[in-house]
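S.K.: Build me a model from this:
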Amino acid sequence: MHEIERQRVILGEVSDRPVVTVAQIVDLTGASEATIRRDINALHLAGRLRRVRGGAEALHPPQTVGIAGRPFSVNEGVNIVHKQAIARAAVALCEDGESIIINGGTTTFQMVHALAGHRMQILTNSFPIAEHLLRHSRNTITLPGGAIYREQNIILSPFDNDVARNFYARRMFMSARGLSPIGVMEGDPLIIQAEQKLLNQAEELILLLDSSKFAGRSSLILCPLDRVHTVITDDAVTTRDAKFVEQAGIRLIVAPRDVAEGETSSSAA
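M.R.: Numbering: from 1, shown residues only. As a prediction, this is how the structure comes out:
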């Protein structure tokens, strides 16, 4: 990640929460601790934040706390070719007339292009997904209620009394922070609350994970592996990670990057 992008992530994090640690920024950017410390020092000298022991704090603490994670605009271009292949494979599972849920994320966002020719009932908590489908498709779009998180471009609510409780879905398509033998990992408690509510409305959970996500780790578990029906990943997935998914009894679909739209290879445990 370029220096400008890293510093944007740091400033975004301190704008959402009073203090961020070096370790948190390392997790978000993939950069080394030494690099992040240099970035924090540069932003401190520029008067854009205050350097503190082990991290940084905002010059003007936020009135409300945001959610953890890289901004949508930063994450959108990461592993883009892999994400496009995964998204095409995901839409290949859909049929006109079905109801589906698409969770906000930069991998799930890539589904919008292939969905343009479909007519489905779609519930999404993602502004970019909803906007694109409204402009470029004839799908019926439903948005849940909740608070708007600008950096991630999503709507989240831990409360029960919104339209999501009355929406039935054949499948829910979702990206995640990572996948481990313990379960599906996410990075923020509010995201987990909102996603668990959506999960209850879907028969099948389809995870869209580029191969780098198998190395992702978090201290928060969204759901156990037995809730996952299918994992779609790219052809850079390692043999070890593919075997892990199949041994868990989860259907694995590997989406090649260099084939025409709709062509995928799959295997079932």
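S.K.: what residue ranges in this protein are flagged as low confidence?
M.R.: 16-18, 61-78, 150-153, 157-162, 216-217, 258-269 (pLDDT under 70).
S.K.: 50 instead, please
M.R.: 259-269 (pLDDT under 50).
S.K.: any idea which residue sits dead centre in it?
M.R.: Gly105 (3.7 Å; Cα atoms, centre = their mean).
S.K.: I figured it was touching Ser126, is that so?
M.R.: Yes: in this structure, Gly105 is within contact of Ser126 by Cβ atoms under 8 Å, at 7.3 Å. For the C-beta atoms, the positions are set from N, CA and C on the backbone; glycine is no exception.
S.K.: Quick one: the helices in the stretch 151-269 of the chain, in order.
M.R.: With helices called from DSSP state H, counting those that start in this stretch, the stretch 151-269 of the chain shows them at 189-199, 239-247.
S.K.: can those helices go into JSON lines with extra columns for mean neighbour count?
M.R.: Formatted as JSON lines, the helices of the stretch 151-269 of the chain follow (neighbours: other Cβ atoms under 10 Å):
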{"stretch": "helix 189-199", "mean neighbour count": "19"}
{"stretch": "helix 239-247", "mean neighbour count": "15"}
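S.K.: Report the contact partners of the closest residue to Val91 other than its chain neighbours.
M.R.: Distances taken as Cβ to Cβ, 6 or more residues apart in numbering put Ala114 closest to Val91, at 3.8 Å, once the chain neighbours are dropped. The contact partners of Ala114, taken as Cβ atoms under 8 Å, 6 or more residues apart in numbering, are Ala87, Arg88, Val91, Ala92, Glu261.
S.K.: How many residues are close by the fourth one?
M.R.: For Ala92, the number of neighbouring residues by other Cβ atoms under 10 Å comes to 17.
S.K.: Report the separation between it and Leu208.
M.R.: Separation of Ala92 from Leu208 (Cβ to Cβ, to the nearest Å): 12 Å.
S.K.: Then the second one?
M.R.: Distance check for Arg88 against Leu208: by Cβ to Cβ, it reads 11 Å.
S.K.: which one of these two has more residues nearby?
M.R.: The residue with more neighbours, out of Arg88 and Leu208, is Leu208; 29 against 22, by other Cβ under 10 Å.
S.K.: where does the closest residue to the more buried one other than its chain neighbours fall, phi/psi-wise?
M.R.: Excluding its sequence neighbours, the residue lying closest to Leu208 (Cβ to Cβ, 6+ apart) is Thr107, at 4.6 Å. Thr107 adopts backbone torsions of phi -80, psi -50, taken as degrees, to the nearest 10.
S.K.: count of residues packed around Thr107?
M.R.: 29.
S.K.: Wait, it touches Ala89, no?
M.R.: No: contact criterion Cβ under 8 Å: Thr107 and Ala89 do not qualify, at 11.1 Å.
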